[in-house]
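Chemist: All I have is the shape, not the residue letters:
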């Protein structure tokens, strides 16, 4: 995880330009931009892929509800044209292009601008994040994503299903569904995180190593990053809920309240994981130092047992002319026995003291 | 304690389904669903076990107060029917089935939806938790539990007792009684926790071990989990108290204020336990390192006493042709005496320095 | 200090009983209940000890101000009768009997119910705590204490003094005086705590031991407990001050503001003690590890000096047939001198390095 | 620093006395009380030292502005008389005498009562603190100090200067000037603290010792104490600013806002110092343990090099009859060379491992 | 980084002077003061460097928008004259000269006074800070800087560009642009900080040293300092946004909201860096102690292997007359083999225990 560049993109490229200058700040992508339009109402459903951004403009004033999804925001010209057509403020367009936004919600009277962080459900244990910008207008939703691949497939399926609730509701419900899908993506990541946490705990019991420490810190950092995304998300949804703009109907608000509960659950889980990680770190450090202490104690005890014995051997290695014991016939064996005795007594003493 | 799966259930199974889709999220249960109905007013009391959910529907518009208790929420169809009959919002029904809710209270004008976490009073030292959903209507309370076995028996007994206060009051007082019973269950768990804490403290004095450390962390984690349940509970009760819906009478509010005080006491106790656990952890780590240091010091002192003596023995083990002491008749004994003297002086020195 | 049972009494005995059931929760006392009545106005003062609770009832509607003090709350029947006579709510009576209340204030229109924690000024360094419940009515104050012996003697003396301010004021001023006496009792305990803190600091300088550690943690725990009592006390007094019930006159409020300032001072002192205890703990741990390190360093240095010398002795203890030095006449003394030299050089080196 | 007695004076002497009883709580002083009166308006300036408190009374109703400064508050009778004359509430007089007040502001309609903590600019590195009470009336300011010597000399000089702004403004501006002088005294102490911090940092680089640790903790404690004085001070000034009493004119409020900014700067500096002290403590502990580890590592390496060599010498010190090497003519030198080789290889290995 | 003098300048020089006395508090500069005036409206643009402050005065009442930029505030007389001309409050002028202000905003009806901290984009890794004071009047902005060299060049370029948005807007937009440029300067510093953090992390993996520790603490301290600048900045911008003075038009507020978002991002990044630094510090300390432990363990194991062998050698070095083994022909080799065996067994045992 290239940490710091994740925390904010290369802002410096932007510094000094007038506000509202459209420059893409984020990882440069070379893939083609993909524009998908879904148009629907209760009876009708139509999904189409557009080759040019201009084709979108006709959808602006239809009576049906339109969802324009743009995968890839590195084509600045496209965004410019779209923004001009739908009357977006230059600063909004700028923010769409800057992928280092905090989740936020802006009420521009005619439309809401919502920034979210989507967690991509990947194979690797670490998660990937992508900025999603939503424009919610009276009868349209425009979503901007950094790359293809998202968590909205379930929403598409439901839209395609005749008689589903989403077909009967307005653009605000569509926006809610997209937000809900994004919040759901957090749950999946958190479940994986929970599993990794259990793995780490098991490692702790069996064989703690420096690798465990790094894994703990990696997860800690991920939790910091996640929290940074979810806390403002909570405020976003809460702000949407408090709005009394005609853009958000009361019938949708009860659903927003439900997503709000989910973000609170996500925050709760993150805080719990953080607390647990602290606990695990404590146990790790303590068991590491314990293990080391056990080893040192064992080694020192061995040394301590032999030091007096070596001294005794040294004594009878002295070359004094008159050392009566040396002449005793069984002196040698007596000394060996004495040394064995001393060793055994020390062992017993250490055992009794519970040092071994 | 399978920690992480406790923190939230298998949400991923739910991801992508339209909101309001009824799927049971939680540990799968295979036991039969048990539906119990208690119908009462001041004069009358009737308890009955129903075989089919449809039998409940007749109780909806009676003048008496009805408590429908459902043990087991894995039968989604039942919940669906009941919800349709009593006019519950699809999201409420969804939340009843998701056992990873945070305690919360929702005001749906016609009824209140309350989610609580019940602590089951078990034999094992660790506690078990179960989600309880309450629907409080004008003259009925519906409670949903995950399994049979609850903390409501005292409420049932009081309901069966003629002239008890509960018989004279409305459905709101019944709901209060159930909440009160649940908060009481926290006290029992906390008392047990207190006893375990005292056990741990005693262990600390006598024989601190890695096991003690794990017990401390286990309790810390339980406190985190408890706190996660009780903090929102406090908000729930406070919100009920602030409501001026006709569903909650003023005469009941003074009782709610009492339960509110109890939750504050529970929170206080949890915070105190957390503080105490931190202190205990500090003492544990300190006495562990102290014990280790004492051992190492003792062993090193033994080594330090013998090292100079061994040196002296080594000196007189040298093979120089001219070493006058070697020829002295009592040289050997003189050296032994000298070595004893050095040893004793060192011992005295270490004693005097309070190192032994 | 039996910690956990102090944090809350045996609540479990209470679980499942209907709210308002009067059961004494707390340490069982066997002493007789003592009922004292003081009746006074500006001209008149009368103190009497009653043998039966019924004798109180006549004081209810007198024009003079009455202070009924009850020492011992284990006689449930007495409380019941008194409560019925003075129109106390069943939940209030229940709370009087539960000695594990948090300090709180309840406005019951006709009377205020105030719960406080009194610190008994004892001989032992550790403090003892007792729950005091006050009922403040229009012309009476009822106080309930767990045992005889309190901090109210100064109030009694002032009441007995003709022309004292307290005699000219109403029941609210009497209640204030009792609260003031209780807050004063905190100051005494804090002063003692301050002295113990200074003792501990002195111990740290001279001879830190495990006992010091335990004393630090004991004080930390006491501060946690004190804080738990004082924080809600602050809210209680602040709430009394905000009340615009006729039960509390404006002339009394300026005095309440004064007690409020005192509780803030107490809280300040507690927080300062906590900060200081943390600092002391840090110094303790650091000086302990420092002391241990000094010892180990000293011992290791001794070992390190003798190890090379022993090696030299070992070399000349080898039995090679051709070892020219052995035949030198002053070889032995040369080697002794060499060893002394090496030893001295090492000593000087260690001194120079400031290791000794 | 006698810490705890600084945190609060001997409150216990006060316990049990009726509120408003005037007793001096603080260090007993024996010096004479000094009463100074400055009377001024735009044209006129007069400074006088009074021998008796009664002389003050005439200044109460003059049209000029009067500043009565009292050095020494241990003469209770004086305070009593003054308070009676100027209509001070008994509790205010009590608080003037208690030098353990928290900084606070009380609005008594006719006058403001302000308590502050003045830091005396002394020679010693540690600071001394003194309680200053201000009474701000319509045309007078009374200030009470514990001893002679204060930070108000600059105010006096400005008062004596004709045409200075202070001469044109009212008593509220005088009070502001005194508060400003007190806040300025904090800056001087903080600058000294900053210098001591730099000294400590330098010590850390060169020669960390237990003394450094004590200095760090001493400063930490001073910061705790300072913060305790400044936080409430901020509230005091903010409250004065919000007042719309005629006692404080709008033209003065802009100056109060300026002092308010200064207190915020002081708080900021204190918090920064605290953060820096924590960092310094971490570095201290880490470099101490590092130093110790380096020593132990060095000593252990010396031991480790000689242990195998001593073993080799021991081998050839064995007395077996048949040990072929012993008979080799250059066996001794071969063994010496071998031992040197082993020693050098070990040294190189340790160097390569960066252990030396 | 001369830390403490950065935290506040030499305030003591100021102490005791009447408020509003103009004295430059900050590093003394000797360079000449540089006064630049830019005058513009939609059609017209003019940039001029003035030799005397008096030349500014003519710009006060022009219809065009004027930006007076003053590099160098050590010429007190200049500030005085300018302030008198533009009607600045003495306290504002005082604050302009004191370069130890906290970022703040003051509404003086006719003009806003805004203090900011600019981070200079330098070559060195550490950043330099400079106080910028802005006066925003109806049609002019005056900016005061400590030295030449700033982050406003981009603003100047945009002003010089015909048809740029900034030329069409008022003085409030100019002020916004300056603030925006300053906030952008934080991003550049934070990016550098991010890179240094990555360097430190890499160092940690390869070769942790005391230098790493110092770098970590240096960064920690910088983060403390940055936070101290940015938190009040956030309040400043938020206050500007809430203002409904005619000095700030609604069309500018949407831009202020954008800068506000940027400051939140900066705060977020700082908090994240702080969290990451804590994590890095933990890893550093842990890997340091781990490294040390590995070394000590290795050395101790070497010692432990040779100690018993040396004992064996010592035994056969004893001079007993009757020691049968000594006479065996292959006794010596048998003992050597035995010692090798013991050594190998111990090595295997330690390997198996994963100690080596």
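Modeler: Happy to help now that I have it. Being a predicted model, the structure only gives us computed values, none of them experimental.

Chemist: middle-most residue in chain A, spatially?
Modeler: Central residue of chain A (Cα atoms, centre = their mean): residue A:222, 3.9 Å from the mean position.

Chemist: element containing that residue, please.
Modeler: Take DSSP states H and E as the rule and residue A:222 turns out to sit in helix A:210-242.

Chemist: what about that helix and chain B, touching?
Modeler: No - contact of helix A:210-242 with chain B (Cβ under 8 Å from any Cβ of the partner chain) is absent, the minimum separation being 12.0 Å. The C-beta positions use only the backbone N, C-alpha and C, and glycine is treated the same way.

Chemist: which of the residues in that helix are buried?
Modeler: Residues of helix A:210-242 classed as buried by neighbour count (16 or more other Cβ atoms under 10 Å in any protein chain shown): A:212-213, A:215-234, A:236-237, A:240-241.

Chemist: Need the mean per-residue confidence for the host helix or strand of residue A:295.
Modeler: Assessed by DSSP H and E, residue A:295 sits inside helix A:250-316. Average pLDDT, helix A:250-316: 89.

Chemist: Same check on stretch A:209-222?
Modeler: Here stretch A:209-222 scores 83 as its mean pLDDT.

Chemist: what's the answer for stretch A:145-161, then?
Modeler: On average, the pLDDT along stretch A:145-161 is 86.

Chemist: Span of that stretch from start to end?
Modeler: Distance between the two ends of stretch A:145-161: 24 Å, counting by Cα to Cα, to the nearest Å.

Chemist: what's the answer for stretch A:321-335, then?
Modeler: 19 Å.

Chemist: Got the phi and psi for the residue nearest to residue A:332 when sequence neighbours are not counted?
Modeler: Using Cβ to Cβ, 6 or more residues apart in numbering or on different chains and skipping the chain neighbours, the partner closest in space to residue A:332 is residue E:320 (4.0 Å). Dihedral pair for residue E:320: phi -60, psi 140, per degrees, to the nearest 10.

Chemist: show me where pLDDT drops low in the stretch 51-200 of chain A?
Modeler: A:121-126 (pLDDT under 70).

Chemist: would you list every one of the strands in it?
Modeler: A:65-71, A:104-107, A:112-120, A:128-136, A:140-145 (DSSP state E, counting those that start in this stretch).

Chemist: Can I get those strands in JSON lines including distance to residue D:172 and mean neighbour count?
Modeler: Listed next are these as JSON lines, based on distance: least, Cβ to Cβ, whole Å; neighbours: other Cβ atoms under 10 Å in any protein chain shown:
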{"stretch": "strand A:65-71", "distance to residue D:172": "63", "mean neighbour count": "23"}
{"stretch": "strand A:104-107", "distance to residue D:172": "45", "mean neighbour count": "18"}
{"stretch": "strand A:112-120", "distance to residue D:172": "50", "mean neighbour count": "22"}
{"stretch": "strand A:128-136", "distance to residue D:172": "55", "mean neighbour count": "21"}
{"stretch": "strand A:140-145", "distance to residue D:172": "59", "mean neighbour count": "23"}
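
Chemist: I'd like to know which of those lies nearest to chain C.
Modeler: strand A:104-107 (36.0 Å; Cβ to the nearest Cβ).

Chemist: Please identify the pairing partners of the closest one and their relative orientation?
Modeler: Sheet pairing for strand A:104-107, assigned by DSSP bridges, gives strand A:112-120 (antiparallel).

Chemist: what's the neighbour count on whichever residue of chain A sits closest to chain D?
Modeler: Closest approach of chain A to chain D (Cβ to the nearest Cβ) occurs at residue A:317, with a separation of 6.8 Å. Per other Cβ atoms under 10 Å in any protein chain shown, the neighbour tally for residue A:317 reads 27.

Chemist: Pull the contacting residues for residue A:92.
Modeler: Residues counted as contacts of residue A:92 (Cβ atoms under 8 Å, 6 or more residues apart in numbering or on different chains) are A:83, A:106, A:108, A:113, A:135.
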